[in-house]
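Colleague: Sequence plus predicted model, see below.
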Amino acid sequence: MKQFSIFFIVLLGFATSAFAGDSAKMVIEDPVYFDNVRRPVTNPTLFDTALPQTKLHAIMIHQTLPDFIDTTLGQLPVGGDLQVYAVQAELALGERFSLVAAKDGYIDFQPDATFSNTSGWANLSAGAKWAWLYRPENQVASAFQLLYEAPSGNRDVWQGEGDGQIIPSLFYLQSFNRLQYSNAFGFRLPVDGDAESSQFYTSQHIGYHLTDWLYPLIELNWFHVMDQGDGASRFPAQAGGITPAIARFEAGDLVNWGALNSGANDDLVTMAIGFRAEFPFLKDQADFGFAWEFPLTDGDATILDDRFTFSVELRY
């Protein structure tokens, strides 16, 4: 299942890139331009559409933690859950360029065993997005985004360590009136390359306007550890700081442990199903999103047993 999922994601991404040039030349009858484009729901701090826009995006995540996780000490019990509350912002400075505040918010971490119940602020990340390809008449766009994630958060909730991360990514969008495909390819590159883990990630989104207000969607996310961290003692409130030394995997989209043994399980692949729905009194200006996400790779090599993501986006 793991190999098939990774192959499917890569094949989908490369296939899209291959026909991007031809699709950009398509003549679309009665074009709606980008009015029907909807934002992905999962991987919210790293995955967005290729369109520079002015908008606010409120997020709430409820994530169930697995009963056991894979470590060098054996299977350790965890259980419980965590919640994330955040608001993202984007300011368009023209149709091709925008400033982005991608990550912030508050994390409430409530495990049943091994770790401590804690809460605190997440790291902050911000940067810019540039749509190098922007053809609304053909409903196709691609954008380069560059973010810096500062170690500004609370160490009790797996934040605030290292010297920060540089996050370059490339977004692609193709809309066929009711059908939409979006993807992202990017890297999480620690400023201190010997401390935290460096990762490649890609996210894929397919959605369809079933009605004028209801938009079902399916998404896939793949995180791959390219270079393990140094496993040094970090996050002292959690298991005395030994997590980076004993964990046999990295922690996903919101956390970077710098796990020394993450090469043992260097891939995390998740799938999500959900929808976006428009508010009838704010048509094309606001919508509500929901997705249920679960891992396709080893369930003990992640802190995500399953996740419910809720979002509200306001576009200006």
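Modeller: Received, thanks. As the structure is a prediction and not an experimental result, all values here were calculated from the model. Numbering: from 1, shown residues only.
Colleague: Kindly confirm my reading that residue 156 is in a helix.
Modeller: Yes: residue state for residue 156 (DSSP: H, G, I helix; E, B strand; the rest coil) corresponds to a helix.
Colleague: What is the neighbour count of residue 53?
Modeller: 18 (other C-beta atoms under 10 Å). The C-beta positions use only the backbone N, C-alpha and C, and glycine is treated the same way.
Colleague: okay, it: pLDDT?
Modeller: The confidence metric pLDDT takes the value 96 at residue 53.
Colleague: quick one: the nearest residue to it once chain neighbours are set aside from residue 131, how far?
Modeller: Nearest non-adjacent residue to residue 53, counting by C-beta to C-beta, 6 or more residues apart in numbering: residue 92, 5.3 Å away. Counting by C-beta to C-beta, to the nearest Å, the separation of residue 92 from residue 131 is 10 Å.
Colleague: now residue 274
Modeller: From residue 274 to residue 131 the distance is 26 Å (C-beta to C-beta).
Colleague: now do residue 103
Modeller: Separation of residue 103 from residue 131 (C-beta to C-beta): 21 Å.
Colleague: Please apply the same query to residue 185.
Modeller: 16 Å.
Colleague: where in the stretch 151-300 of the chain is pLDDT low?
Modeller: Within the stretch 151-300 of the chain, no range satisfies pLDDT under 70.
Colleague: just the strands in it please.
Modeller: According to DSSP state E, counting those that start in this stretch, the stretch 151-300 of the chain carries its strands in the segments 165-176, 179-190, 198-208, 214-227, 267-278, 286-295.
Colleague: try the stretch 1-150 of the chain
Modeller: Counting by DSSP E, counting those that start in this stretch, the strands of the stretch 1-150 of the chain are 55-64, 68-71, 74-77, 81-92, 97-103, 106-110, 118-121, 124-135, 140-150.
Colleague: Run through the neighbouring helices and strands of the first one.
Modeller: The one in question is strand 55-64. Packed against strand 55-64 by the contact rule (3 or more C-beta pairs under 8 Å, 6 or more residues apart in numbering; DSSP states H and E) you find strand 81-92, strand 306-315.
Colleague: can these go into JSON lines with extra columns for distance to residue 297 and mean pLDDT?
Modeller: Conversion of these to JSON lines gives the following (distance: least, C-beta to C-beta, whole Å; pLDDT from 0 to 100):
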{"stretch": "strand 81-92", "distance to residue 297": "20", "mean pLDDT": "98"}
{"stretch": "strand 306-315", "distance to residue 297": "13", "mean pLDDT": "97"}
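Colleague: picking up where we left off before, quick one: neighbours of the residue nearest to residue 53, just the number.
Modeller: Residue neighbour count, defined by other C-beta under 10 Å, stands at 18 for residue 92.
Colleague: higher neighbour count, residue 185 and residue 131?
Modeller: Between residue 185 and residue 131, counted using other C-beta under 10 Å, the more crowded position is residue 131 (23 against 17).
Colleague: Assess the claim that the more buried one and residue 94 are in contact.
Modeller: No: using C-beta atoms under 8 Å, residue 131 is not in contact with residue 94; the gap is 9.3 Å.
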